[in-house]
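Visitor: show me the folded form of this:
(one chain, ligands or ions: 1)
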Amino acid sequence: MPGSPPGPRGLPILGMLPFMMSYPERLMADWSKKHGPVIMVKMGPKNVVILGSSDAAHAAFVKNTHLANRPQDGLEIFAGGKGILFINSSMFHSEQRRFCLSALREFGMGRRTLEPKIVDCAAMLCDQIDDVCGDDIEQMIYVTMSNVISHLVFGHDSLNDNKGLCELLLRTIEPNKYNALAGILMFLPSLKNVPPFSTTTRRAIEFREDLHRYIKMEIDRHRASRDPNQPRDFIDKFLNEIEKIKNNVKGEILIELKDQLIPLVRDLFMAGTDTSSTTITWAVIFLASFPDVQTRLHEELDSVLGQSRTPSVSMEDKMPYMRAVIQETFRMRPPLPLSVPHVAQCNTTLMGYRVPKDSIILTNTWGIQNNPKFWVDPDTFKPQRHIDDLGKFIKSPNVIPFNIGTRNCLGQQLAKMELFITIASLCRRFWFTLPTGETPDLKGESTFILRPFPFNVVATKRV
Ligand code: HEM
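Guide: Numbers count the residues shown, from 1 in each chain. Next up is the predicted model:
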């Protein structure tokens, strides 16, 4: 009979929960160093299994098929039980995932057809930075990434002409203590009506309802103007899908699908905006903080792009240093340091240990990517570590910002394209520096997302 994974014992009743308030990924990395790559701790009443190596993540999400559910208690305030990000694994989830992938690909995800749109969005971002620059670059990058998703889903850059939606989405990147409390609710959902958690719950529900209202307005506009023979975007494609199966399925399934479109669109925005924009923002801070790295990146960009201002992913093979900068940014500051939680749907085993049903499974992405066992001097931003002696880029199996397995990131091809084109466009146009005497705190603020603290940057035009 396999035993439980090892791990620190924690306090009676609360377990390790009281220690989770700041940088949980760093604390968990310390536990993993002491106890091994699969550990289990108590957080309130819940068993929490923490994966501290990419082998453990592979064993959990590729070899084992029973660890792909999501926690339902506590997170329902964000998702309302629908969409794709927070629903359990099932036939329904697989179908939704297949549909999303195929629709997003049809409208350009991972294909060259989307590239001009991302190039346009990045050029617009550079123009804005030309006009003003300072501490609002994070917001500008956020709006740019929202515009890309908006183009795929709504068929237009909604944030540029929908001030209400723009302001609502921007609320997600405002620092606020209530977001930090949301993580605790996953372990102790019964606190959701107790202050100050009740404020977190209320704000999450209000945000969700406001966002749903905006998305519904878009769907109504689509219904009124669409041509089923020429779907323009993700929403049209979904409406076609509903039409197609209308006569073939039971009413119940159809209702489920109709209720699904708003949450699905919401999840694409929520999963696809903050993650990409935070990573690009981190890249800007690192480049401004490490001028030698920036100089080397400029040399590579200038030699590959020549007189042109327009980067393309087809140039990727000629830009190993750019790829190394992106991989190093992901390594040091993964936007989701503990990935997205999974749950064991039954009693199972993992690397020889017993994992009880309903255990929460966390991939400690930050811990894996900053483990001194795999990385020399992990706290230093060193893109060169991802380049071999022949000057080629080394893709690392120990950098897993999108996680692995059946629930891995559905939008990773899009994210990679956004990052490459946007960072290349920004660096082609600007030389980033820190204002004299300012040194940003590069540790960042860790809630669900690991985002930089507010910072100032000076963008000096190069071309
Ligand atoms: C730097 C950018 C991004 C990072 C680091 C990232 C990371 C992740 C991670 C760690 C997960 C959870 C994987 C797991 O549970 O095993 C995830 C899920 C997901 N991501 Fe991303 N993501 C990024 C961009 C995007 C974009 C641009 C989209 C939009 C199309 C997107 C859509 C999704 C969706 C829909 C899921 C849920 C998949 C499921 O539960 O089946 N992501 N992402």
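Visitor: residue 228 - nearest residue in space that isn't next to it in sequence?
Guide: residue 240 (5.5 Å; Cβ to Cβ, 6 or more residues apart in numbering). The way it works is simple: take the backbone N, C-alpha and C, and place the C-beta from them, glycine included.
Visitor: now the host helix or strand of the one you found: how far from the chain's centre is it?
Guide: Per DSSP states H and E: residue 240 is located in helix 234-246. In this view, helix 234-246 has its centroid 27 Å away from the chain centroid, taken as Cα atoms, centre = their mean, to the nearest Å.
Visitor: the residue nearest to residue 228 contacts residue 232, doesn't it?
Guide: No - shown here, residue 240 and residue 232 do not form a contact pair, counting by Cβ atoms under 8 Å, at 10.8 Å.
Visitor: how near is the residue in the stretch 1-150 of the chain positioned nearest to the ligand to residue 419?
Guide: In the stretch 1-150 of the chain, no residue comes nearer to the ligand than residue 85, which is 4.4 Å away by Cβ to the nearest ligand atom. For residue 85, the distance to residue 419 under the criterion Cβ to Cβ, to the nearest Å works out to 20 Å.
Visitor: if I pick the closest residue to residue 388 other than its chain neighbours, what's in contact with it?
Guide: In space, not counting the residues next to it along the chain, residue 388 is nearest to residue 394; the distance is 5.4 Å by Cβ to Cβ, 6+ apart. By Cβ atoms under 8 Å, 6 or more residues apart in numbering, the contact set of residue 394 is 386, 387, 388.
Visitor: redo those as TSV? Include neighbour count, distance to residue 404 and secondary structure.
Guide: Formatted as TSV, the entries for the contacts of residue 394 read as follows, by neighbours: other Cβ atoms under 10 Å; distance: Cβ to Cβ, whole Å; DSSP: H, G, I helix; E, B strand; the rest coil:
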residue	neighbour count	distance to residue 404	secondary structure
386	21	19	helix
387	17	24	strand
388	9	23	coil
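Visitor: output the below-cut-off pLDDT ranges for this protein.
Guide: By pLDDT under 70, the weakly predicted segments of the chain are 74-80, 131-135, 158, 175-179, 247-256.
Visitor: residue nearest the middle of this protein, spatially speaking?
Guide: When the chain is reduced to its mean C-alpha position, the nearest residue by Cα atoms, centre = their mean turns out to be residue 275, at 3.4 Å.
Visitor: what about it, which helix or strand?
Guide: Per DSSP H and E: residue 275 is located in helix 274-289.
Visitor: check residue 415 too.
Guide: Assigned by DSSP H and E, residue 415 belongs to helix 412-429.
Visitor: what's the helix or strand following that helix packed up against?
Guide: Remark: after helix 412-429, the chain's next helix or strand is strand 430-433, criterion DSSP H and E. Packing contacts for strand 430-433, counted by 3 or more Cβ pairs under 8 Å, 6 or more residues apart in numbering; DSSP states H and E, involve helix 274-289, helix 291-305, strand 458-461.
Visitor: let's see that with 7 Å instead.
Guide: In terms of contacts (3 or more Cβ pairs under 7 Å, 6 or more residues apart in numbering; DSSP states H and E), strand 430-433 is packed against helix 274-289, strand 458-461.
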